[in-house]
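Engineer: test case, fold it:
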Amino acid sequence: MVSDGTSPLTPLAQEALEALASTIPPGGELTYEQAYTVLAEKEDLERPAAKDIIERLYNKGHLYEVDGNLRLTDYGSE
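Structural biologist: Residues are numbered from 1 along each chain as shown. Coordinates of the predicted model:
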């Protein structure tokens, strides 16, 4: 299940990552507000849960921040 040696994500975090990845254009970014909106609409997550998931994805290296906006690492680019 894990191909890059990192610890696996929970199913909810994986679904959130996929929702964000389907929204961000390649090489693009989202504001935190846009990310919260995506997770509210696609995953039915309230803001506190969305903030927690985004923080987990950030801490595990799936997201990173540039000038206050979120970008995905090379998720799904293989």
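Engineer: give me the pLDDT value at the most centrally placed residue in the chain.
Structural biologist: Residue closest to the average C-alpha location in the chain (Cα atoms, centre = their mean): residue 17, at 3.9 Å. The per-residue pLDDT reported for residue 17 equals 95.
Engineer: and it, how far from residue 65?
Structural biologist: Relative to residue 65, residue 17 is positioned 16 Å away (criterion: Cβ to Cβ, to the nearest Å). C-beta coordinates here come from the backbone N, C-alpha and C atoms, glycine included.
Engineer: over to residue 71?
Structural biologist: 7 Å.
Engineer: one more: residue 12?
Structural biologist: Plainly put, residue 12 is 21 Å away from residue 65 if you go by Cβ to Cβ.
Engineer: related to what we said a few turns ago, which element is the residue nearest to the centre of the chain on?
Structural biologist: Taking DSSP states H and E as the criterion, residue 17 maps to helix 11-23.
Engineer: chain center to the helix or strand following that helix: distance?
Structural biologist: Beyond helix 11-23 on the C-terminal side, the first helix or strand identified by DSSP H and E is strand 30-31. Here the centre of strand 30-31 is set off from its chain's centre by 11 Å, with Cα atoms, centre = their mean, to the nearest Å.
Engineer: adjacent strands (with direction) for strand 30-31?
Structural biologist: For strand 30-31, the pairing partners within the sheet under DSSP bridges are strand 69-72 (antiparallel).
Engineer: where does residue 51 land in three-state SS?
Structural biologist: Of the three states, residue 51 takes helix under DSSP: H, G, I helix; E, B strand; the rest coil.
Engineer: tell me the phi and psi of the residue lying closest to it once chain neighbours are set aside?
Structural biologist: Computed as Cβ to Cβ, 6 or more residues apart in numbering, the closest residue to residue 51 that is not its neighbour in sequence is residue 36, at 7.1 Å. When read as degrees, to the nearest 10, the backbone of residue 36 gives phi -60, psi -40.
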